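Trainee: Sharing a sequence plus its predicted fold:
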Amino acid sequence: MFNKVILAGNLTRDPELRYLPSGSAVCNTAIATNRKFKSQTGEQKEEVCFVDITFFGRSAEIANQYLKRGSKILVEGRLKLDQWTDQSGAKRSKHSVSVDSLQMLDSKGQADHGNDDAPAYGEPRYSNDQQNMPPRQPQQKGSGNTSYPEIDINDDEIPF
């Protein structure tokens, strides 16, 4: 079976980092994505989707260090179903995304982190399987080299 989710949007809250007893880092936050469309009446409408996301390992530490509410990101991961029992004893559930890789989409000027070491748009993605961040390469201003994420999808997988 195939379970892959790709989302691009803005963080709705600051990342929350914690460490498991094993020492592994876990970071929780949420992303908002939007879609603009015309209704049958011709009226412009917008649909917003809010999704909880979880980073693990080095990606969790990077997310906590460089991201904040409003940051633009692209994440790839897998959909999972979280189930729990609330305080009143009712069973609850929600879908969330377990992130495998992260790409920051904010440019340095927009990030406003006050940190010159923050990765800029077009730099490498950060995955859970990377032990260390790659060395930072200086970017030339006005070079016009804008890279967009590639999506490897077969035409047979598109539902329309």
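Mentor: That came in fine, so what should we check first?
Trainee: what's the helix or strand for residue 13?
Mentor: Counting by DSSP states H and E, no helix or strand carries residue 13.
Trainee: got a list of what it touches?
Mentor: Going by Cβ atoms under 8 Å, 6 or more residues apart in numbering, residue 13 touches 29-30, 69. Where you see a C-beta, it was placed from the backbone N, CA and C, and this is true even at glycine.
Trainee: And the helices in this protein, which stretches?
Mentor: All helices of the chain, identified by DSSP state H, fall at 57-66, 108-111.
Trainee: Pick the most deeply packed of those helices.
Mentor: Sort the helices of the chain by mean neighbour count, taking mean count of other Cβ atoms under 10 Å, and helix 57-66 sits at the top with a mean of 20.
Trainee: That one packs against which elements?
Mentor: Applying 3 or more Cβ pairs under 8 Å, 6 or more residues apart in numbering; DSSP states H and E, one finds that helix 57-66 makes contact with strand 16-19, strand 25-38, strand 91-104, strand 126-127.
Trainee: what would those look like in CSV with distance to residue 47, mean pLDDT and mean neighbour count?
Mentor: Converted to CSV, the helices and strands packed on helix 57-66 look like this (distance: least, Cβ to Cβ, whole Å; pLDDT from 0 to 100; neighbours: other Cβ atoms under 10 Å):
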stretch, distance to residue 47, mean pLDDT, mean neighbour count
strand 16-19, 27, 96, 12
strand 25-38, 5, 94, 15
strand 91-104, 17, 95, 17
strand 126-127, 29, 58, 20
